[in-house]
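Q: just coords:
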């Protein structure tokens, strides 16, 4: 089965802790993305990566960090600096991040709750 | 003002109705337009993808783009209860390498 997997599905964190959300794809896509979704709001871009060992900040990168050491993996760390981390986090990938082949396909999401 | 505006709904229709979902946008550089369907607590799935102006049809779904009015639409014919979901529009310009999303419209199709 080809697709994007995210784990865990649900994650609980205490205030002041860092947590890492996993995203893996076996679609051989070059580009990967992290979005955050809050109730009643659209998706907001956190970080994206066009190629291995390269990534760019999105609109709301503060308090988050990423790495892209492998083509198929793009983990997101939510740090204690993120003031309001409770949200639904979505990972996506596309063939490329250019003007063509940019249809993005999404994983099932991770729901993070800060206690 | 948000770059992409979308009525949040909920929009409630009877089964078999034609549904019209819309987004307006302010960035004239947007060239690529997409519609995603998202069921509760799931990731969005891509429904339609169009480039520039015009219409595109796929089964019961038709996407329209009117760049002169900065307005896009998704029509669903013969709506089914299984179409009940949140519909998100998304757009990309040629300079930025990521999508800008609307906030989503929640659709309920009553059997």
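A: Cool, got the structure. The structure displayed is predicted, hence computed values, not measured ones. Numbers count the residues shown, from 1 in each chain, chains lettered A, B, ... in the order given.

Q: which residues sit in contact with the residue nearest to the spatial centre of chain A?
A: In chain A, the residue lying closest to the centroid (CA atoms, centre = their mean) is residue A:34, at 2.7 Å. Counting by CB atoms under 8 Å, 6 or more residues apart in numbering or on different chains, residue A:34 touches A:23, A:45-48, A:58, A:64, A:66, A:74, A:76, A:89-92. Using the backbone N, CA and C atoms, a C-beta is placed for each residue, glycine as well.

Q: got a list of what residue 37 touches?
A: In the absence of a named chain, chain A is used. Residues near residue A:37 by CB under 8 Å, 6+ apart: A:43, A:44, A:87, A:88, A:89, A:90, A:109.

Q: was after chain B, sorry
A: Residues counted as contacts of residue B:37 (CB under 8 Å, 6+ apart) are B:44, B:45, B:47, B:83, B:85, B:86, B:87, B:88.

Q: so what's residue A:76 bridging to?
A: residue A:21, residue A:66 (DSSP bridges).

Q: Do a quick rundown of the strands in chain A.
A: Along chain A, counting by DSSP state E, strands occupy A:4-7, A:10-13, A:19-25, A:31-37, A:43-51, A:54-57, A:64-66, A:76-78, A:87-94, A:105-106, A:110-114.

Q: Quick one, which of the ones you listed gets closest to residue B:98.
A: strand A:43-51 (5.0 Å; CB to CB).

Q: Any buried residues in that closest one, and which?
A: Buried residues in strand A:43-51, counted by 16 or more other CB atoms under 10 Å in any protein chain shown: A:43, A:44, A:45, A:46, A:47, A:48, A:49, A:50.

Q: which among those residues gets closest to residue A:30?
A: residue A:50 (6.4 Å).

Q: Run through the bridge partners of residue B:107.
A: Beta-bridge pairing for residue B:107 (DSSP bridges): residue B:11, residue B:85.

Q: which residues touch it?
A: Contacts for residue B:107 were tallied using CB under 8 Å, 6+ apart; they are B:9, B:10, B:11, B:13, B:19, B:21, B:79, B:83, B:84, B:85, B:86, B:87.

Q: Out of these, flag the one nearest to residue B:111.
A: The nearest member of the contacts of residue B:107 to residue B:111, counting by CB to CB, is residue B:84 at 9.7 Å.

Q: I'd say the closest one and residue B:105 touch.
A: No: in this structure residue B:84 lies outside contact range of residue B:105 using CB atoms under 8 Å: 11.7 Å.

Q: Okay, and the beta partners of the closest residue in space to residue B:43 that isn't next to it in sequence?
A: The shortest distance from residue B:43 to any non-neighbouring residue, by CB to CB, 6 or more residues apart in numbering or on different chains, is to residue A:106 (3.7 Å). Assessed by DSSP bridges, residue A:106 has beta-bridge partners residue A:92.

Q: Contacts only, for residue A:106.
A: Residues near residue A:106 by CB under 8 Å, 6+ apart: A:4, A:90, A:91, A:92, B:36, B:43, B:44, B:45.

Q: which residues touch the spatially closest residue to residue B:54 that is not a sequence neighbour?
A: Once flanking residues are discounted, residue B:54 sits nearest to residue B:65: 6.1 Å by CB to CB, 6+ apart. Counting by CB under 8 Å, 6+ apart, residue B:65 touches B:33, B:50, B:52, B:53, B:54, B:55, B:72.
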